[in-house]
Structure formats: structure tokens, C-alpha cells
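Enquirer: Provide a 3D model corresponding to the input given below.
(chains A, B, C and D)
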Protein chains: 2
Amino acid sequence: MPREYQFPFELRHLVYFREVARRLHFREAAEALGVAQPALSRQVAQLEAALGANLLNRTRRRVELTPAGKLLLERAEPLLRSLHAIPRELRATAGGEVGHLRVAFTGLAMATVLPGILREFHRKHPGIKLELNESPTSSQLVALEAGELACGFFHPDAPTPALATRTLLHEKNGVLLPAGHPRAKARVLRLRDLADTPFVLFPRAHNPGFYDRVLAAFAAAGVAPRIAEEVWPRANATGLVRAGVGATFMTPSEAQPLPPEVVFRPLTGPAPESRLVIGWRASPPPEPALAAFLAVASRT
Amino acid sequence: MPREYQFPFELRHLVYFREVARRLHFREAAEALGVAQPALSRQVAQLEAALGANLLNRTRRRVELTPAGKLLLERAEPLLRSLHAIPRELRATAGGEVGHLRVAFTGLAMATVLPGILREFHRKHPGIKLELNESPTSSQLVALEAGELACGFFHPDAPTPALATRTLLHEKNGVLLPAGHPRAKARVLRLRDLADTPFVLFPRAHNPGFYDRVLAAFAAAGVAPRIAEEVWPRANATGLVRAGVGATFMTPSEAQPLPPEVVFRPLTGPAPESRLVIGWRASPPPEPALAAFLAVASRT
DNA sequence: GAAACTGATACTCCCGAGGCATCACAGGCA
DNA sequence: TGCCTGTGATGCCTCGGGAGTATCAGTTTC
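Expert: Numbers count the residues shown, from 1 in each chain, chains lettered A, B, ... in the order given. Have a look, this model is predicted:
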């Protein structure tokens, strides 16, 4: 709370009041606004207090606007519309690239953190448009350094000196098996239990470092892996498992919720680990739009 | 934070940005807004993030508007002016009595809680005008029941069934003595130490119950009081004490800061207690303007 | 090149908006 | 007339985020 200066009300109050004034029904307005009814009641009451005027006559059964309420609604409507239009106007006028972010991601990101981040980001920054592309780690690294991407969600293997990164997820992989697989009954598996099972992987070129570590995990378990397919994008791997083609690696959070006809089993002993990071060019410092996206992503 | 809906920015952001944009100087703008400079920096950065545009070019030594910043300033100025005008407009149109409160108070209130309450209230509710009158408890009770006052700060003696009250202060009185008084050296006094000291009181009619309890305290101490003067308003009592006319009762918080040429001493043993309350008609329920005032008063 | 000035950052505190549970009251129906 | 349903208000608690203090980092100036 600012110490000296403070508007008598906030935009929230006007938005809430407008909704109630239009519908003349607190519960419905609250639902439309996505808040609980008590919060709405309180905010409207606060607005009335701040303005020192009764805006609504509430009999227990009906809500109606007072003259003051009518006047406020008349004034608030165009103001809110103008305010709402500001982000769009700015985007039209400003540097062109401003308010527009190209973001790449891998299948794991979309299966875990990305939906929540997108939801939160659009709520907070409706003025910024995102261009989202699923794309393998290797391509992302190239595109990031070339300045073609604002940021990317990927799985780093070696250090990336030109990029700043932040880890979002770091999990040991388990395996996703067809429900009918002979070892599907076991609660926990070791990699060597799956010596005969064909695996669905991703094309090595997409992340050679991680691919090689997967092979190393097999080697450590004393198993020669059978690679049935290499498939991309990631979501298709699940389909192949369901089809009985083989097993695939998957992190616990990625396996939630579990698709039908498959089972997920953690691995004990050697197993590949997946680290999901968000990365962006370390310099120059991020533009406001990117800074906003990073802030949301880092905290969701 | 509303779960679903949220404006990309708040009025605060626009107000802060406007100030910076006008002055092109963060520190000065912060001072003008009455906030610390870091808070201002953060809020402006937030606004830029929310809009996805750089609004200001900050070289380390100079701040200047970008084209987007210029546009936003153009848009924001009239909107903020319109918003600012809303409370005044409503007050002009609404029921007449709305947005206007008659408030009475006693000297003790003004010497303790009232200044803080007024400051806070005007900050939060600039649309509501107050009409303030110092007035004794007895007159306030009459005026309140007659509906001539919205609320009053007074010292109740007997229950007041038609009024709702809230205690703001409840303190045992000490005494205020001229600095040259023979007992002024003592750290603590008893009422009977002051048998020969003339007292400055208030006219009995202003609060007969309390007046009589003062006399009762003297009686309990085995002292026949000497009443030198009865004076009103309260602030004048201090003047009389300074002039050496006599002593007067005063609560510790009222005696802070201590006026020159006088000393304050707590009393042990029997001593009158002062209770300051805010009171208002219990029914009908308070109008928004009064509700706002009560909310501020109850919590300050 | 040391000092001064400016805006950004790190950390902590605390207000207040929101959610949940519940209340109080008005109509509707039997 | 009494139970039931629907509505807005209230009490209590949680927690996000805005603000303050202290400090940093980069320019400019003498």
C-alpha cells in the first residue's frame, strides 16, 4: 500500500461492480468473474464505501441499481473499454517485435509445466502473443543462439555458455509399458528386467547427449537395448506403447494422468534422468515481454 | 488475486508511470507519489512487462520516453482524469447526504486517535467530506439520537441502548501539574497527595456521570476536591495548568507529547478512568460513507 | 580516480484479497 | 405455518505481492 497516495478505488472494483450491475445478481456475476461470491460482495461494498454512495439496493431477493449506481455504470463502461484497448494499441504502435514472443518446447514440457505457465501468462499478460513450436533440444539451442527464439523449454546436456537457464524439473525416468507386458505386474522394475523389451526412443540427433546417456544406462545395467522405433514428436511415443510396439522412458510427472491401456513403473538402479530447463540468451538482458514470461515460468 | 480474471495492470501502475513519464526522474517521481524509489522502479517494470513494451529508455543517467511510452502517457492522462472525477460526480448526483458525514469529538479524541483516523480516512476516501465539531459527550448523545450526527467520539458513562459503540481507548488518568508544583518531583502520585491542589475540570453538564466519578475518586482518597475552574474546550485546560491555576486530569496518551512548563504524573490508588468510544446509531445499518469511516476508525 | 548520483536488486514484513464455511433472511410450496 | 431453497453477508484463515530498508552497479563530474 502506498503511504501517501492511493486511488479511492482500483480497477478491480470497477470490473466487479460492472459485472454485478449488468447481471443484477451477485452469484452469477461472481461466477462470471471467476471469484467466490463473498469476495465479490466485499469488493462491491468497499467500492460503495470508497465512493460514499449506495450503488445497489439489495433487498434479500432482488438487486437493483440506485441512481448513483446507474451513473457509475455509465461512466465506468467506456473507461474500462478504453483501458482494455490500451495493450492492443501499444502493440500496434510499438516496435513491432514488442509484445510477441517465439517460444519452443519439448514434449515433456507440454506434458508437465507448460500448460500451467501458459494459462497464468495469458491471464497476466493478455497483450503479449506467443508463438509456440514443439522442437527438439538441438534445434532449440541453434535457434536460441541465432536469436530466432525468445526462449525455449529443453533438456540440456552440456553447459550452454551463451544461455541463461533455469531448471524446472529434474526427475529420474521410469518406464511406460503396454498393460499386457509380462513385467507389468511388478511394482518397481530394474532396467535389466527389460532386456527383451523393445524401446521407443527419439531420434538421436534431437539430443545426442541425452540419447547417449540412455544407452549408457542400459550398458550400466548390463543390457543391450533393443530400439524398436525412433519417433517424434514425443506424444506419439505413448501411442506406440499403447499399440504394444514396446516400452518408452517417461518421468513420473509426465505419466500423470496415465493414458489408458498402459502402465507406468518406476525404475530402481541405473536409469536416465530428465532435466527440463527454460533457457534464453544471457545477453542482452531480456526485453519486458520476455522478462514477464520468464517470471511466470520460473514461479509456476 | 482473482483466479480467472485480472486486468493486465492496475490503476497504481498507470499513476506511477504517469508521474515518472512527466518528470523523467524516478527518485523525484517516487517522492511526489510518497513511495520509495525501489517500489516505483518495480511497478514501472511490471507495467512494461504486462504491456510487453518498453515504455522508458533508461540510460544510467537519463530517462526518456519511448514511442510506446509516449502513446501510453497520452492515453493514460485523460483516463486517469476521468476516473479521478468520478467520486465528485457521484457526490453531486447522489442523494445529497451521501458522501458527507457530521462527526463530533471531544478534546481527548483530538489529542489521541482522531488525527490518525482523519489522515487515513482522507487518503482512502477522498470523495467523502467530513464536518467535524468538538462537542461534549452529553450534547453528542442527544445529537446522535436525534439523527443530527453520523457518529461521535465521546466518553460514555451509562449504557446507551440506541447506540452502537466501540472502545478506542481506556486509560487511567494521571495528573498534569505546573512544573513548579511542590509535588512535581515525585515520580508517581496518589490523589490524597493533592488535597490542597486546585483542579481544573470540565463543566459538569458536559458529562455528569464522569464528573461524578471524578468526585467519587476524590472521596475514595479521603480528599475534598478543590475545583478551581471549569473550562471547555479541553485543550484550554493545559493552558490553565501552564499558567499555574492548578492541576488537571489527563490520560498518558493525551499527555504525549508533553507541553512545556508542565509535568505529567501517573496516579496510584483511586483515580478516574477515561474511556473513549466511537458511537453511532445502531439502526438502521450505517450508510456506506459511515461504514467506511467506522472501518477506518475501528482499526487505527 | 574518488565521490556523488541514479536506477536496479535482495530480503523481509505485513496488509488485504480470496476461499471456505456459515449465517440471516426472504419467498415458495405443502 | 413450517420446512426448504436460494441469496447476499459475515467470520476466520491463508498467502501472494507491494512496500520498506539496505545495498549494489554503472555514469558522470570534478
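Enquirer: Quick check: closest non-adjacent residue to A:Val223.
Expert: Using Cβ to Cβ, 6 or more residues apart in numbering or on different chains and skipping the chain neighbours, the partner closest in space to A:Val223 is A:Ala195 (4.6 Å). Heads up, the C-betas are built off the backbone N, CA and C, glycines and all.
Enquirer: I figured the one you found was touching A:Ala247, is that so?
Expert: No. With contacts defined as Cβ atoms under 8 Å, A:Ala195 does not count as touching A:Ala247, sitting 11.5 Å away.
Enquirer: joint contacts of these two?
Expert: Between them, A:Ala195 and A:Ala247 share no contacting residue under Cβ atoms under 8 Å, 6 or more residues apart in numbering or on different chains.
Enquirer: and the two? which has more neighbours close in?
Expert: A:Ala247 (27 against 13; other Cβ atoms under 10 Å in any protein chain shown).
Enquirer: what pLDDT does that one get?
Expert: Listed pLDDT for A:Ala247 reads 92.
Enquirer: Check the spacing between it and A:Leu191 real quick.
Expert: Going from A:Ala247 to A:Leu191 by Cβ to Cβ, to the nearest Å gives 10 Å.
Enquirer: One more: A:Thr137?
Expert: According to Cβ to Cβ, A:Thr137 and A:Leu191 sit 23 Å apart.
Enquirer: and if you look at A:Phe26?
Expert: Taken as Cβ to Cβ, the span from A:Phe26 to A:Leu191 is 58 Å.
Enquirer: Once you drop chain neighbours, what's closest to A:Leu294?
Expert: A:Pro286 (6.2 Å).
Enquirer: how close does that neighbour sit to A:Pro203?
Expert: From A:Pro286 to A:Pro203 the distance is 31 Å (Cβ to Cβ).
Enquirer: now swap in A:Ala247 and tell me
Expert: 18 Å.
Enquirer: And for A:Val296?
Expert: For A:Val296, the distance to A:Pro203 - Cβ to Cβ - is 31 Å.
Enquirer: Between those two, point out the one with more neighbours.
Expert: Neighbour count, other Cβ under 10 Å: between A:Val296 and A:Pro203, A:Val296 has more, with 20 against 13.
Enquirer: Excluding chain neighbours, what is closest to the more buried one?
Expert: That would be A:Phe121: by Cβ to Cβ, 6+ apart, it lies 4.6 Å from A:Val296.
Enquirer: What separation do you get for the one you found and A:Ala111?
Expert: 18 Å.
Enquirer: quick one: low-confidence ranges for the stretch 151-300 of chain A?
Expert: Within the stretch 151-300 of chain A, the stretches with pLDDT under 70 are A:299-300.
Enquirer: hey, where'd the strands end up in it?
Expert: Under the criterion DSSP state E, counting those that start in this stretch, the stretch 151-300 of chain A contains strands at A:151-154, A:163-172, A:174-178, A:189-190, A:198-201, A:226-230, A:247-250, A:262-265, A:267-268, A:273-281.
Enquirer: The longest one: partners in the sheet, and parallel or antiparallel?
Expert: If I follow you right, that is strand A:163-172. strand A:273-281 (antiparallel) (DSSP bridges).
Enquirer: still on that earlier bit, settle it for me: which of A:Phe26 and A:Leu191 has more neighbours?
Expert: Higher neighbour count among A:Phe26 and A:Leu191: A:Leu191, with 24 against 19, using other Cβ under 10 Å.
Enquirer: Which residue, other than its chain neighbours, is closest to that one?
Expert: Counting by Cβ to Cβ, 6+ apart, the residue nearest A:Leu191 is A:Ala221, at 3.7 Å.
Enquirer: For that neighbour, the count of nearby residues, please.
Expert: Count around A:Ala221 with other Cβ under 10 Å applied: 19.
Enquirer: Could you do A:Arg91 as well?
Expert: 21.
Enquirer: A:Phe218 too?
Expert: With other Cβ under 10 Å as criterion, A:Phe218 counts 22.
Enquirer: which ones are touching it?
Expert: So A:Phe218 contacts A:Leu191, A:Ala224, A:Pro225 (Cβ under 8 Å, 6+ apart).
Enquirer: What separation do you get for the second one and A:Leu191?
Expert: Translated: A:Ala224. 11 Å.
Enquirer: ok, back up a step: can I assume the residue nearest to A:Leu294 is in contact with A:Ala295?
Expert: No. The criterion here is Cβ under 8 Å, and A:Pro286 misses it with A:Ala295 at 9.6 Å.
Enquirer: Remind me which helix or strand A:Ser41 belongs to.
Expert: helix A:37-51 (DSSP states H and E).
Enquirer: What pairs with the helix or strand following that helix, parallel or antiparallel?
Expert: Proceeding N to C from helix A:37-51, the next assigned helix or strand is strand A:56-58, under DSSP H and E. According to DSSP bridges, strand A:56-58 forms sheet pairs with strand A:63-65 (antiparallel).
Enquirer: Please pull up the helix or strand immediately following the strand it pairs with.
Expert: Following strand A:63-65 in sequence order, the next helix or strand is helix A:67-93 (DSSP H and E).
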